[in-house]
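*Asks:* got a predicted structure here, sequence first:
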Amino acid sequence: MMAEGRQRTARWGWTFVLWGVAYLVATAWSSGLVGGPVWAQRLLAWPVTMIAASIATGVGISRMKQGEPATTLGRSIGATWMAMGISLFVVLMSLGLSGRYDTHVFVAIIGGMLGVANMASPSF
């Protein structure tokens, strides 16, 4: 059971890398490390980067699931992570656009929401 859990974690590890890179790109873009007008840095960095990462995740998941039967447990885990992703997108985009984005708030939100999603997902 533990070996299967490790295999599944390794199989889905690319999503953590993808979203980590997306976070770094959005942070660099919004902080001015990447060129462009200031309004674009503030308004477009996070939505564009997160939507691109969402599309890449959707394509990757659809390719991984080809030929695999859907299970109730798999659908529930997927729904948990999708709800977490949508919630993070809405909350963090709202904070960014309102000017209330703060590193401490960001870390608290990310840590709390990822912790809840991880605890809700069985490690089988």
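*Replies:* Here it is on my side, so go on.

*Asks:* C-alpha from now on. contacts and neighbour counts both.
*Replies:* Noted.

*Asks:* where are the low-confidence patches of the protein?
*Replies:* Where the chain drops to pLDDT under 70, the residues are 1-9, 34-36, 39-40, 42, 123-124.

*Asks:* let's go with 50 and repeat that
*Replies:* By pLDDT under 50, the chain has no low-scoring segment.

*Asks:* for this structure, which segments are assigned as helices?
*Replies:* Using DSSP state H, the helices of the chain run over 2-11, 13-30, 38-64, 72-98, 103-120.

*Asks:* adding mean neighbour count, write those out as JSON lines.
*Replies:* As requested, those are exported to JSON lines (neighbours: other CA atoms under 10 Å):
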{"stretch": "helix 2-11", "mean neighbour count": "12"}
{"stretch": "helix 13-30", "mean neighbour count": "16"}
{"stretch": "helix 38-64", "mean neighbour count": "15"}
{"stretch": "helix 72-98", "mean neighbour count": "14"}
{"stretch": "helix 103-120", "mean neighbour count": "13"}
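
*Asks:* contacting residues for Leu95?
*Replies:* Shown in contact with Leu95 (CA atoms under 8 Å, 6 or more residues apart in numbering): Tyr101.

*Asks:* distance check, it against Ser30.
*Replies:* As judged by CA to CA, to the nearest Å, Leu95 and Ser30 stand 13 Å apart.
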